[in-house]
Each structure stands twice: as structure tokens, then as C-alpha cells.
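Chemist: sequence and predicted structure are below.
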Amino acid sequence: MRTWALTLGALLALSGTASWAQDNPTVKAGKYVVEFRVPEEGVFAQEEIDIEFRLMDSTMNDEILGMAGVPNAAVKATTTMPEMPGMPEAKPPIHTEGVPGDYGVTFFFPHGGKYQVDLKITPPGGQEFLAKFDLNVKDERATKGGKRVLPYRLDLNNGSTAKVGQPFPLKLQIKDSKSGETVKAFDIAHEKYFHLLIASKDFEWFLHEHPVMEPDGTWVINVAFPAEGEYLVYGDVAPVGKGSMILMNKLKVSGEKPTWKVNWTANKGPVTDGTITATLGGDIQIGRMSQLVFDLKDATTGQPVTQLEQYLGAHGHLMIFSQDGMSTVHSHPASGKATDDLLAQGKVAFNARIPKAGKYRAFAQFQRDGKIMTFKFTLDVK
């Protein structure tokens with residue numbers, strides 16, 4: 001079977017309404033035409049959204065009714081984010097809309113940015129062709145009338161009994177929000193099925209670990225919390241075919257009060273942990289993909305650190321949290337010559353998209369000589 005590849009730089013707008021843009025993007029493959037019916041208000045992150053498209057036969061074009069729709073086509077969709085190459089791809093479901101030739105795709109985007117949707121279409125009796133579309137996804141919008149329901153949720157089965165100074169067997173489950181069923185099948189992202197991120201509410205304390213799943217779908221890991229208070233628990237997971245997403249819950253820990261001081265003054269370093277001193281550089285543009293570059297020096301000699309080891313399939317991990325904990329970024333350096341050239345200079349670059357102005361806590365992790373070192377920075381994004 002031959003595959004045709006078509007490219008269209010179309011900015012798609014998706015929403016829960018049926019108001020379509022006047023100039024819908026189209027692509028043509030032989031006699032077939034695909035039209036995306038684009039809602040006018042735009043597509044927003046953190047919403048399950050349906051977008052319709054119509055598959056038509058240009059050789060059957062009525063002067064009044066237009067081109068005839070093509071029903072019963074086999075369609076597969078794949079969603080990726082080229083600027084974040086480590087993000088697992090999503091395979092959103094396809095459905096018919098009740099009108100011959102009309103189809104729909106159900107999307108969920110974890111955060112704003114530029115996405116790519118590949119539609120692999122096989123008309124009845126025809127050849128398969130591939131249409132590529134660029135999607136400009138807006139940041140999450142404010143909700144009215146309550147909290148937005150996401151397709152999946154993170155449940156903490158025993159979070160209310162955590163105490164300071166005692167290894168606590170934290171138990172977590174990923175649930176399908178509609179069915180309530182426990183999700184047991186995940187795609188691997190950077191060598192792990194589950195990246196667990198835990199932070200104190202003030203983001204002065206941070207943990208990045210990887211729990212183990214039991215047969216019933218419960219993820220278990222022992223955590224020693226350092227002080228009383230509220231903690232934010234994030235699960236960075238990718239249910240099979242659904243793409244990467246970060247889900248959040250909270251738990252309270254009882255016991256001794258924190259001994260640390262809370263400081264949200266902007267700080268890009270230098271920061272030292274173990275044998276490395278790190279300084280953060282790069283300009284952040286709100287709502288756009290920005291490059292953050294870490295300059296790594298030997299803490300003793302001051303020479304560039306050029307022998308970083310890969311940790312979970314990457315030369316570094318960067319986690320960024322807004323001060324309210326509601327916006328998160330988990331990024332990794334891209335692979336390729338540009339990254340290798342920077343590594344040879346003792347530098348590591350990450351792509352990150354900050355959705356709004358405000359203060360953020362950034363935690364960067366690197367591995368050297370078998371040891372993982374964590375560096376905390378504070379960003380004041382304006």
C-alpha cells in the first residue's frame with residue numbers, strides 16, 4: 001500500500017461549540033478533499049474537545065450541494081508536539097458524525113503550544129494518504145461554575161495518614177474520570193511509566209521518584225516527608241494512546257513544622273549541589289516556547305562539566321511549577337548535534353512554555369559520576 005504525504009500549516013481552533021471559521025483549511029489527495037471545520041473561538045488546553053472534518057469526492061460535485069461526502073473511510077489520528085520531542089504521541093479516537101463523509105476527532109491537549117495532527121485516511125477502495133496539520137493550542141482558560149473535569153484523575157488512596165519522620169507507603173491510582181475504572185496500561189516516557197513529582201506547597205522541598213505498579217493498578221512508593229503541611233502530588237503519565245499528561249492531587253502531613261524559610265525572590269543562580277554549580281540563562285516569553293540554558297561548572301575547579309551522564313534517557317530533567325501549583329512543565333533536552341555541541345561546552349538547553357506571568361519554581365536535575373544532583377531556581381516571569 002502506497003502512502004502519500006501532504007503538509008498543511010493550518011492553525012486549527014477547537015471548542016465545544018458548533019461555530020466554525022469561515023475559511024476552513026483543506027487538503028487534497030487525488031480526487032479526495034479533506035476539510036476541517038474549525039470553531040472560531042480557538043482550542044484550549046486541559047479540555048476534551050471534538051473537531052469535525054469532512055472527507056469529500058471532488059469528482060462528484062453538485063452545483064448546489066457541493067462535493068459528495070465519502071462515508072466508511074478508515075481513519076487513524078496521531079498527535080505530537082514537535083517542540084517537545086520526548087512527549088509520547090497521542091492517538092485520539094475517531095467517530096462518525098451521522099452525515100455521510102463527516103467525521104470527528106476527540107482531542108485532549110495537556111498544555112498550550114504548537115501541536116501536529118497526522119490523519120491517515122483510507123477511503124473505501126482507495127489508497128491511504130497522510131495529511132499533516134499544525135494546531136495552535138491556547139493555554140487553559142478560566143472555568144465558570146466550578147472545577148473542570150479532566151479525562152483522567154490522580155487518586156491518593158491513603159494520603160490522610162502521612163506523618164513526618166516515618167516512611168510512608170504512598171498509594172496512587174490513575175482513574176478514568178467517566179467510567180471510574182483504574183487505568184493499568186501506560187506508554188513509557190523516558191524509561192518510566194510513572195514520573196512522580198511531589199513538592200511542599202511553598203515549593204521549598206521537591207521529590208522526583210518512580211513508583212511501582214501492583215497488579216490492580218495501584219502505584220506504591222515509600223516517601224519520607226520532611227515537615228508538616230500540605231504537599232502537592234503530581235503524576236506525569238501517558239495512558240496508552242492518550243499522550244502525556246500531568247495530573248495533580250494534594251495530601252496533608254502531620255508532625256513537626258518546617259525548619260526552612262520560604263523565599264520567592266528571583267534567583268537564577270549560581271546554585272551548588274554535590275560537585276556541580278549551575279546557573280540558569282535564557283529569556284522567557286510568556287505563552288511562547290522559550291529556551292532555558294543551564295551553565296554547569298565543577299564546584300571545585302570552576303571548569304565546565306562536559307561529562308554528564310544520561311538519567312532516564314536524557315541529559316537532564318527540568319520541572320517548573322507556578323507559585324499556585326496549577327501550571328507545570330516537565331521538559332528534557334532534545335537529542336541531536338545541537339545538544340551535543342552544548343554539552344561539550346558544559347551547557348544543557350531545555351524548551352519550556354510558560355503560560356502566564358508570575359513566580360515559578362524550577363528544579364533541574366543532572367547526573368554525574370552516578371549521582372543525581374538537584375538545583376532549585378526561582379523565576380519571576382513578567
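Modeler: Thanks, I have it.
Chemist: low pLDDT regions in this structure?
Modeler: Filtered on pLDDT under 70, the chain yields the residue ranges 1-23, 38, 143-148, 159-160.
Chemist: K261: neighbour count?
Modeler: With neighbours defined by other C-beta atoms under 10 Å, the count for K261 comes to 7. For the C-beta atoms, the positions are set from N, CA and C on the backbone; glycine is no exception.
Chemist: which parts of the helix or strand where K114 lies are buried?
Modeler: Taking DSSP states H and E as the criterion, K114 maps to strand 113-122. Residues of strand 113-122 classed as buried by neighbour count (16 or more other C-beta atoms under 10 Å): 113-117, 119, 121.
Chemist: buried residues, the biggest strand by length in the chain. List them.
Modeler: Longest strand of the chain, by residue count under DSSP state E: strand 48-62. For strand 48-62, the neighbour count (16+ other C-beta under 10 Å) marks 48-57 as buried.
Chemist: what do you get for stretch 71-84?
Modeler: Buried residues in stretch 71-84 (16+ other C-beta under 10 Å): 73, 75, 77-81, 83-84.
Chemist: end-to-end on that stretch?
Modeler: Stretch 71-84 stretches 35 Å from its first residue to its last (C-alpha to C-alpha, to the nearest Å).
Chemist: so can I have a markdown table of the buried residues of strand 113-122 showing distance to A238?
Modeler: Conversion of the buried residues of strand 113-122 to a markdown table gives the following (distance: C-beta to C-beta, whole Å):
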| residue | distance to A238 |
| --- | --- |
| G113 | 17 |
| K114 | 19 |
| Y115 | 15 |
| Q116 | 17 |
| V117 | 17 |
| L119 | 21 |
| I121 | 25 |
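Chemist: most distant residue from the middle of the protein?
Modeler: E63 (45.3 Å; C-alpha atoms, centre = their mean).
Chemist: separation between that residue and G255?
Modeler: 78 Å (C-beta to C-beta, to the nearest Å).
Chemist: now swap in L318 and tell me
Modeler: L318 sits 31 Å away from G255, going by C-beta to C-beta.
Chemist: okay, and the beta partners of G229?
Modeler: V253 (DSSP bridges).
Chemist: correct me, but it touches G255?
Modeler: No: applying C-beta atoms under 8 Å as the test, G229 and G255 come out as separate, 9.3 Å apart.
Chemist: of these two, which one has the most company?
Modeler: Neighbours per residue (other C-beta under 10 Å) separate G229 from G255, with G229 holding more: 17 against 14.
Chemist: which stretches of the stretch 101-250 of the chain form helices?
Modeler: Using DSSP state H, counting those that start in this stretch, the stretch 101-250 of the chain contains no helices.
Chemist: tell me where it has strands.
Modeler: Using DSSP state E, counting those that start in this stretch, the strands found in the stretch 101-250 of the chain span residues 102-108, 113-122, 129-138, 152-156, 168-176, 194-200, 206-209, 212-213, 219-223, 229-237, 245-253.
Chemist: how is this structure carved up into domains?
Modeler: Domains of the chain are assigned by automatic domain parsing as 4-138, 152-253, 271-381.
Chemist: mind putting those domains in CSV, distance to T265 included?
Modeler: Shown next, in CSV, are these (distance: least, C-beta to C-beta, whole Å):
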stretch, distance to T265
domain 4-138, 27
domain 152-253, 13
domain 271-381, 6
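Chemist: returning to what we had before: report the two of the buried residues of strand 48-62 separated the most.
Modeler: E48 and D57 (31.1 Å; C-beta to C-beta).
Chemist: assign a three-state SS to the nearest residue to T265 once chain neighbours are set aside, would you?
Modeler: Leaving out its chain neighbours, the residue that sits closest to T265 by C-beta to C-beta, 6 or more residues apart in numbering is T378, at 6.4 Å. On the three-state scheme (DSSP: H, G, I helix; E, B strand; the rest coil), T378 is labelled strand.
Chemist: is F186 in contact with K192, as I believe?
Modeler: No: counting by C-beta under 8 Å, F186 stays clear of K192, with 9.4 Å between them.
Chemist: where does K31 fall, phi/psi-wise?
Modeler: Torsion angles at K31 (phi, psi; degrees, to the nearest 10) stand at phi -90, psi 0.
Chemist: look up how far E52 lies from it.
Modeler: For K31 relative to E52 (C-beta to C-beta), the value is 21 Å.
Chemist: go on, M84?
Modeler: For M84, the distance to E52 - C-beta to C-beta - is 27 Å.
Chemist: same check, this time on P82
Modeler: Counting by C-beta to C-beta, the gap from P82 to E52 is 24 Å.
Chemist: okay, and A338 sits in which element?
Modeler: helix 337-343.
Chemist: right, and the helix or strand after that helix?
Modeler: Following helix 337-343 in sequence, per DSSP H and E, is strand 347-353.
Chemist: what packs against that next one?
Modeler: Packed against strand 347-353 by the contact rule (3 or more C-beta pairs under 8 Å, 6 or more residues apart in numbering; DSSP states H and E) you find strand 289-298, strand 317-322, strand 328-331, helix 337-343.
Chemist: just list whatever residues bridge to V223.
Modeler: F168.
Chemist: does it touch L207 like I think?
Modeler: Yes: under the criterion of C-beta under 8 Å, V223 is in contact with L207, at a separation of 6.9 Å.
Chemist: what do these two both touch?
Modeler: Shared contacts of V223 and L207, defined by C-beta atoms under 8 Å, 6 or more residues apart in numbering, are found at I198.
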